[in-house]
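Q: Sequence and predicted structure are below.
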Amino acid sequence: MVVFTIDIRKVYVYTHRLQKDGTFKEVEQNLSIQKGDAVFEDYDLAEQWMKNNPVVYVDDEKIYNESETYSFGSPAFNIRQHRTSLPQNIFFTKEEVANVLENGDDEINHVLVVDYDGIVHLLPECSNLRGYAVRFETFIAGKGYVGSTGNLRHLDETYRALLDAWVEHLHHGDEAYRDYDIGKITVEELQKEAEALVAKMRALGSEKES
């Protein structure tokens, strides 16, 4: 469903990617996986590589991958995910999100996530939140955000924010995070964009097979 690469990012721009020979090479503009890229089948394997290589040289520049040495504007390591197959669902519905929220327990903090197949889940905050396409900000316990007796007045905004993040994931393949509804385009426009992106992925897959 997904694989991982180790990229170097400077502010918001990806500049280099780890190669199979242990060097770093400038990335292609579309950030797709290229021949020679080091590809990890599991997030933990990529993370282990980083732990084993706390310092690397890229174009003669010394780069540390420990977060405590990072300052804004300096190069930083990033484990980036890439989709390798189509999602089971092109997009999820507002009703599906409502059902998941209503079945939550308001006595503990929860996080709303979307997996790579476009299926929505509500997980306890203490869960391992790696390996999801979309992650929403934590719902604090006792606020009525989840549960059968809760108040779902936030549903419209939450659904649109999740859908917007899902479209971002389909476009880039990487994990998308939201903590509020940007609200720039409508739900219908987001759904159409998701359909178009999945159709494009399907067409590209057919080209590779032919």
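A: Okay, I see it.

Q: Assess the claim that residue 10 and residue 76 are in contact.
A: Yes: between residue 10 and residue 76 there is a contact at 7.5 Å, judged by CB atoms under 8 Å. Every residue, glycine included, has its C-beta placed from N, CA and C.

Q: So for those two, which sits in the more crowded spot?
A: Remark: of residue 10 and residue 76, residue 76 carries more neighbours, 18 against 12, as counted by other CB atoms under 10 Å.

Q: List the contacts of that one.
A: Taking CB atoms under 8 Å, 6 or more residues apart in numbering, we find residue 76 in contact with 8-10, 65, 70.

Q: pLDDT on whichever strand or helix holds it, on average?
A: Element membership for residue 76 (DSSP states H and E) is strand 75-83. In this model, strand 75-83 has a mean pLDDT of 88.

Q: next one: phi and psi at residue 156?
A: Dihedral pair for residue 156: phi -60, psi -50, per degrees, to the nearest 10.

Q: Give me the distance between it and residue 183.
A: Applying CB to CB, to the nearest Å, the value for residue 156 to residue 183 is 10 Å.

Q: before we move on, what about residue 144?
A: 22 Å.

Q: Who has more neighbours out of these two?
A: Remark: of residue 144 and residue 183, residue 144 carries more neighbours, 15 against 11, as counted by other CB under 10 Å.

Q: What does the pLDDT read for that one?
A: Residue 144 is assigned 91 on the pLDDT scale.

Q: contacting residues around the nearest residue to residue 90 once chain neighbours are set aside?
A: Spatial nearest neighbour of residue 90, excluding adjacent residues (CB to CB, 6 or more residues apart in numbering): residue 198 at 4.9 Å. Counting by CB under 8 Å, 6+ apart, residue 198 makes contact with 86-87, 90, 170.

Q: from the middle of its chain, how far away would whichever strand or helix holds residue 198 be?
A: Element membership for residue 198 (DSSP H and E) is helix 187-209. Once both centres are worked out by CA atoms, centre = their mean, to the nearest Å, helix 187-209 turns out to sit 17 Å from its chain's centre.

Q: quick one, that helix and strand 75-83 angle?
A: Orientation of helix 187-209 against strand 75-83 (axes from the mean of the first three to the mean of the last three CA atoms, to 10 degrees) gives an angle of 80 degrees.

Q: Can you list the buried residues in helix 187-209?
A: 190-191, 193-194, 197-198, 201 (16 or more other CB atoms under 10 Å).

Q: Could you do stretch 8-21 as well?
A: Across stretch 8-21, burial judged by 16+ other CB under 10 Å covers 8, 14-19.

Q: now those residues as CSV including secondary structure and pLDDT?
A: What follows is the buried residues of stretch 8-21, written out as CSV (DSSP: H, G, I helix; E, B strand; the rest coil; pLDDT from 0 to 100):
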residue, secondary structure, pLDDT
8, strand, 91
14, strand, 87
15, strand, 91
16, strand, 94
17, strand, 95
18, strand, 96
19, strand, 96
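
Q: wait, which of those is closest to residue 130?
A: For these, the closest approach to residue 130 (CB to CB) belongs to residue 18, at 18.8 Å.

Q: Right, I'll call it a day here.
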